[in-house]
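A.B. asks: 3D model of this:
(chains A, B, C and D, ligands or ions: 2)
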2 protein chains.
Amino acid sequence: MKYSNATNYALHTMVYLIWLPKSSTIGVQELAEIQKLSPTYLSKILTKLTKAGLIESTPGAKGGYKISKSPNEISFLDVIIAIEGESNLFNCSIHHNEGCLIEEVMRQSEENMKAELKNRLLVDIVKKMEEQKQQKANSN
Amino acid sequence: MKYSNATNYALHTMVYLIWLPKSSTIGVQELAEIQKLSPTYLSKILTKLTKAGLIESTPGAKGGYKISKSPNEISFLDVIIAIEGESNLFNCSIHHNEGCLIEEVMRQSEENMKAELKNRLLVDIVKKMEEQKQQKANSN
DNA sequence: TAATTAAAGACAATAAGAGTCTGTAATGTC
DNA sequence: GACATTACAGACTCTTATTGTCTTTAATTA
Ligand code: SF4
Ligand code: SF4
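C.D. replies: Ligands and ions are numbered 1, 2, ... in the order given. Predicted structure coming up:
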């Protein structure tokens, strides 16, 4: 059981997009260069993020991607659900019992993870990165 | 990202083994019958549980499996790690940064899930199942 | 109109999971 | 000791999901 690589790429891309000046857009080829991966593959990931409403895309010349909603509303969980989907981690399709005790534990533990992911905003990562950069600059 | 079916089978098997009278052993063919799956496949899962030290196996006639340590020491997390391994859910092999902020969030959220899984004991599931059975019997 | 860019979908390659089969080693029974 | 029983190991196949590429289409700007 692992997160897909796509989730990793998506998180990095989202952090980068939030870090960008709000009005500017950026194309997939440039984003792919930064992360050193194929533009066509990244394109699929970006399409998922677009459909989830996390970013906006404009086709055509001078088009590209940018953050859609306010960065204060975008959590880690939003990105992960956009990529991984929202089905449960534990598969109970075998013989579903009402109020099964095993399922309850698995579901609860998953909720604990998701609660943390929902609390953490991507924009806080960007802010902290800026702070680190600032401190480094000051210490010179 | 999903738990493997093997984890589901392992949890059910462990609950059953804990529910059994402590001294008795049970063979893989019988366990497989209960869960309606192939004995050879279940055997692989049981071997993993054995190597993790959760159950004991004795080969030969009248052999089989039984719980090894005290049920009070067996958590959901123990079973899950025995099957899924203990590597992290989030894959940072791409370009590992020291003290990366993204990784920290992913790691922390995973810890939250595992903390819950570590707190929950399989034996409590068995106890609650017995209670439910008791209540049902009383209401008749 | 022409250039640019995202989106869609078909397709191939890879990896992981699920499951089967066969043979071997250990243990108890006679 | 011979035999039946059982766990264990490993090779093997099948299926599924992920990863990634390629081609075509649609929208937008200049
Ligand atoms: S955990 Fe419970 S609900 Fe899920 S497959 Fe097992 S018995 Fe059914
Ligand atoms: S999350 Fe951080 S450590 Fe992990 S791959 Fe990205 S930059 Fe590297």
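
A.B. asks: Helix or strand: which one has residue A:21?
C.D. replies: Using DSSP states H and E, residue A:21 sits within no helix or strand.

A.B. asks: Quick check: closest non-adjacent residue to residue A:90.
C.D. replies: Nearest in space to residue A:90, with sequence neighbours left out and distances taken as C-beta to C-beta, 6 or more residues apart in numbering or on different chains, is residue A:106 at 3.8 Å. Heads up, the C-betas are built off the backbone N, CA and C, glycines and all.

A.B. asks: quick one: secondary structure of the one you found?
C.D. replies: Classification of residue A:106 using DSSP: H, G, I helix; E, B strand; the rest coil returns helix.

A.B. asks: Now for it: which residues touch it?
C.D. replies: Residue A:106 makes contact with A:88, A:89, A:90, B:3, B:76 under the criterion C-beta atoms under 8 Å, 6 or more residues apart in numbering or on different chains.

A.B. asks: Could I get the contacting residues of the closest residue to the last one other than its chain neighbours?
C.D. replies: Leaving aside its chain neighbours, residue B:76 sits nearest to residue B:117 (4.4 Å; criterion: C-beta to C-beta, 6+ apart). Under the criterion of C-beta under 8 Å, 6+ apart, the neighbours of residue B:117 are A:105, A:109, B:75, B:76, B:77, B:80.

A.B. asks: and the spatially most central residue of chain A, backbone torsions?
C.D. replies: Taking C-alpha atoms, centre = their mean as the criterion, residue A:79 is the residue nearest the geometric centre of chain A, at 2.8 Å. Main-chain torsions, residue A:79, degrees, to the nearest 10: phi -70, psi -40.

A.B. asks: Test my guess that it contacts residue A:8.
C.D. replies: No - the criterion here is C-beta atoms under 8 Å, and residue A:79 misses it with residue A:8 at 10.3 Å.
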